[in-house]
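A.B. asks: Show me how the following folds:
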Amino acid sequence: MKRSVIALLALALVAPLALAERAALLTEIALSDLPPEARVTVARVKSGGPFPYAKDGSVFGNRERHLPRQSRGYYREYTVKTPGARDRGARRIVAGIGAAGDVRTSGEYYYSDDHYHSFRRIRE
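C.D. replies: Below is the predicted model:
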């Protein structure tokens, strides 16, 4: 019993640190290695649209802290079409607004193919 309490206390102390460090350890993926639909979505973000889904461009809250911590409104989400899916599917591009406040030019793009459970930074 004593060991399990100590283990839980240790986990409680380490867990917040692990969340913060997770964003720093993002893996990368080359733009050319993305599925074709994801490359189309990145191109649309860079050109300012048009976007086929009503939620495209909405604020991504980063509640799970998988991405680097930023102020609310910094990240925007965009749907990556999933062939055969009847809904929006699980694939997304999340873009940061960068120092200039514009997702089109920030160069800060992330890809998730599992509905925000994990991200890879897109390397251009």
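A.B. asks: Which residue ranges of this structure form helices?
C.D. replies: With helices called from DSSP state H, the chain shows them at 2-24, 36-47.
A.B. asks: so who does Gly49 touch?
C.D. replies: Contacts were defined as C-beta atoms under 8 Å, 6 or more residues apart in numbering; by that measure Gly49 touches Asp56, Gly57. To be clear about C-beta, it is placed using only N, CA and C from the backbone, and glycine gets the same treatment.
A.B. asks: what about it, distance to Phe60?
C.D. replies: From Gly49 over to Phe60 the distance is 17 Å, taken as C-beta to C-beta, to the nearest Å.
A.B. asks: now Pro35
C.D. replies: Spatial separation of Pro35 from Phe60 under the definition C-beta to C-beta is 20 Å.
A.B. asks: neighbour-wise, which of those two wins?
C.D. replies: Each of Pro35 and Phe60 had its neighbours counted (other C-beta atoms under 10 Å), and the higher figure belongs to Phe60 (21 against 15).
A.B. asks: from memory that one sits against Ile93, does it?
C.D. replies: No - judged on C-beta atoms under 8 Å, Phe60 makes no contact with Ile93 at a distance of 9.9 Å.
A.B. asks: Now list whatever residues contact both of those two.
C.D. replies: Glu77.
A.B. asks: Any regions of this protein where pLDDT drops low?
C.D. replies: Segments of the chain classed as low confidence (criterion: pLDDT under 70) are 1-25.
A.B. asks: all strands for it, in order.
C.D. replies: 27-30, 58-60, 75-79, 92-96, 109-112, 120-123 (DSSP state E).
A.B. asks: Ala85: which of those strands is closest?
C.D. replies: When the strands of the chain are compared by C-beta to C-beta, strand 75-79 sits nearest Ala85, at 9.9 Å.
A.B. asks: centre of the chain versus that closest one, how much separation?
C.D. replies: Offset of strand 75-79 from its chain centre (C-alpha atoms, centre = their mean, to the nearest Å): 8 Å.
A.B. asks: That one - which strands sit beside it in the sheet, and in what orientation?
C.D. replies: In the sheet, strand 75-79 lines up against strand 58-60 (antiparallel), strand 92-96 (antiparallel) (DSSP bridges).
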